[in-house]
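S.K.: how would this look folded up:
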Amino acid sequence: MLKNQKESVALSSVLAGFVLTFGKAIVGLLTGSIGILSEALHSLLDLVAAIMTYFAVKIGDMPADESHPYGHGKVESVSALIETGLLFLTSFWIIYEAVKRLAVGGSHVEATWYAFVIVITSIVIDVSRSRALYKVAKATNSQALEADALHFSSDIWSSAVVLLGLFLVRFFGIPGADAVAAIVVAFFVAFAGYRLGKRTIDVLIDSAPSGMVAEISSIAEKVAGVVRVERVRARPMGPTVFIDLIVCVNRKFSTIQVQEITNELEKKIKKAIPEADLVVHSKSVQLDSETIIESVQALALKAGLSVHDVVVDKMDGNKFISYDLEVPADYNVLEAHKASEKLESDLMREFGANVMINTHIEPFKTDAVLSAKVTDDQILEVKNAIKAVDTEMRDLKNVHDILVRKIEDGLFVSFHCDANKNASIEKVHYSTSRFEYLIRQRVPGIKRVVIHVEPA
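M.R.: Residues are numbered from 1 along each chain as shown. I've put the predicted structure just below:
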């Protein structure tokens, strides 16, 4: 829809440029007015620019391909750069002819009624076209359409100056006013070329849009989980702005957490800059506030492992770190030992050589465990054991939802129970561990117990 809108408004500018160019040229030749002739040349330039713009937006909106991975948007910038050169050439020619007329005199200027008509008509068309072009250029972020709009906008003022020159010639008999008006038109053309050229060159040399880097940094720094913004790169490419962003995040975050932070960051930046094509790279960093336990967990996570029950202490001036390390259940002793040594080596580099490390290795199963039905006698045996232990436990009450299933090498038991809602999780964990131990003592065939605790 927007693509068709861009091509439609560009094509209408070509038709408008054609009408104005030939209309001004005919009237300029009939009246001998260099002001109108300079306007005709200006309109001819606009016609060429409009034709270039039409093809530029047509090509620029083509999707990215293997040869142009960033798309074809810079075709619009190349088109605008050529238009800039034509603008400066036009202004130099107008100034040369006008100065020559003022210095040596020139042909007589006839300020006829149709001269006024063509200039006024030109102003009306220019106002209409510049508004239409600016509207679509803003909606599509098209540099080529903006350049075209700039041409028609500058034509309004330059035509007004020519109109003033004709007025002075007709009603005050000042023939030089037409040449002076032409020089003023030339300066309008040159100024338009300067504005267009500056923006075009900024795009072609990948200058970041003014204020955009600061805006992106401000947005990123407010996203929860982002520690700091390390680098922001932004470059326009036709209607798209390609943004390359590096943010630092806490190294203890999991891959899923980092992805969530990245998704939130992309969402907020695209809301502020809809035309953004964004690539976010996250860099894990250690925070000054990171504890030793968090450091151990982060280094284990980096190695693709998991630790729990981390204990940190000081002995004779040395740090003592103990933890349970989970490794895949299918590891043999040698593989598990190598994984443990690798983590211990990382920890020694982190904390220095005066650290004592004790690792307890546990198997961690990643495969699903299939279960099967058990006999009624086995279920009754387990339930009786749970009831017997329940009478001994003070912290855990109301055992319910008991489930008994057979797994590979024994029984799997799960049940729910209640605990004081204000009790610490550490205390409750100790109670559930003791509950599990006592059940297993009564039923040796139990291999795994899962106890779900709910607030009473």
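
S.K.: tell me the strands in this protein, going along the chain?
M.R.: Shown for the chain, the strands assigned by DSSP state E span residues 226-237, 240-250, 276-285, 306-315, 318-328, 355-364, 396-407, 410-419, 446-455.

S.K.: The nearest residue to residue 281 once chain neighbours are set aside: neighbour count?
M.R.: Spatial nearest neighbour of residue 281, chain neighbours left out: residue 246 (4.8 Å); criterion: Cβ to Cβ, 6 or more residues apart in numbering. In this view, the C-beta of every residue, glycine as well, is placed from N, C-alpha and C. Residue 246 has 16 neighbouring residues, counting by other Cβ atoms under 10 Å.

S.K.: hey, what's residue 246 bridged with?
M.R.: residue 231, residue 281 (DSSP bridges).

S.K.: correct me, but it touches residue 283?
M.R.: Yes: at 5.9 Å, residue 246 counts as touching residue 283 under the criterion of Cβ atoms under 8 Å.

S.K.: which residues do those two both contact?
M.R.: Residues touching both residue 246 and residue 283 (Cβ atoms under 8 Å, 6 or more residues apart in numbering) are residue 230.

S.K.: Identify the residues contacting the residue nearest to residue 281.
M.R.: Applying Cβ under 8 Å, 6+ apart, the residues contacting residue 246 are 229, 230, 231, 232, 280, 281, 282, 283.

S.K.: Mind pulling up the pLDDT for it?
M.R.: Residue 246 carries a pLDDT value of 92.

S.K.: Equivalent analysis for residue 320, please.
M.R.: For residue 320, the predicted pLDDT is 86.

S.K.: which among the contacts of residue 246 end up buried?
M.R.: Buried subset of the contacts of residue 246 (neighbour count, 16 or more other Cβ atoms under 10 Å): 229, 232, 280, 282.

S.K.: of these, closest to residue 448?
M.R.: Among the buried ones among the contacts of residue 246, residue 282 lies closest to residue 448 (Cβ to Cβ), at 36.8 Å.

S.K.: Residue 295 versus that closest one, what's the distance?
M.R.: Residue 282 sits 19 Å away from residue 295, taking Cβ to Cβ, to the nearest Å as the criterion.

S.K.: Next, format the contacts of residue 246 as TSV and append distance to residue 404 and pLDDT.
M.R.: Output for the contacts of residue 246, formatted as TSV (distance: Cβ to Cβ, whole Å; pLDDT from 0 to 100):
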residue	distance to residue 404	pLDDT
229	55	90
230	54	89
231	57	89
232	58	87
280	49	89
281	50	90
282	45	89
283	49	87
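
S.K.: List just the nearest of these to residue 133.
M.R.: residue 232 (31.3 Å).

S.K.: Number of residues surrounding the nearest residue to residue 254 once chain neighbours are set aside?
M.R.: The shortest distance from residue 254 to any non-neighbouring residue, by Cβ to Cβ, 6+ apart, is to residue 301 (6.7 Å). Close neighbours of residue 301, defined as other Cβ under 10 Å, add up to 17.

S.K.: Roughly how far does residue 301 sit from residue 246?
M.R.: 21 Å.

S.K.: Show the pLDDT at residue 20.
M.R.: So residue 20 comes in at 67 (pLDDT).

S.K.: Next: the one 4 residues further on.
M.R.: Residue 24 is assigned 70 on the pLDDT scale.

S.K.: try residue 43
M.R.: Confidence score, pLDDT, at residue 43: 69.

S.K.: Can you give me every residue that contacts the residue nearest to residue 453 when sequence neighbours are not counted?
M.R.: Once flanking residues are discounted, residue 453 sits nearest to residue 419: 5.0 Å by Cβ to Cβ, 6+ apart. Counting by Cβ under 8 Å, 6+ apart, residue 419 makes contact with 395, 396, 397, 428, 431, 453, 454, 455, 456.
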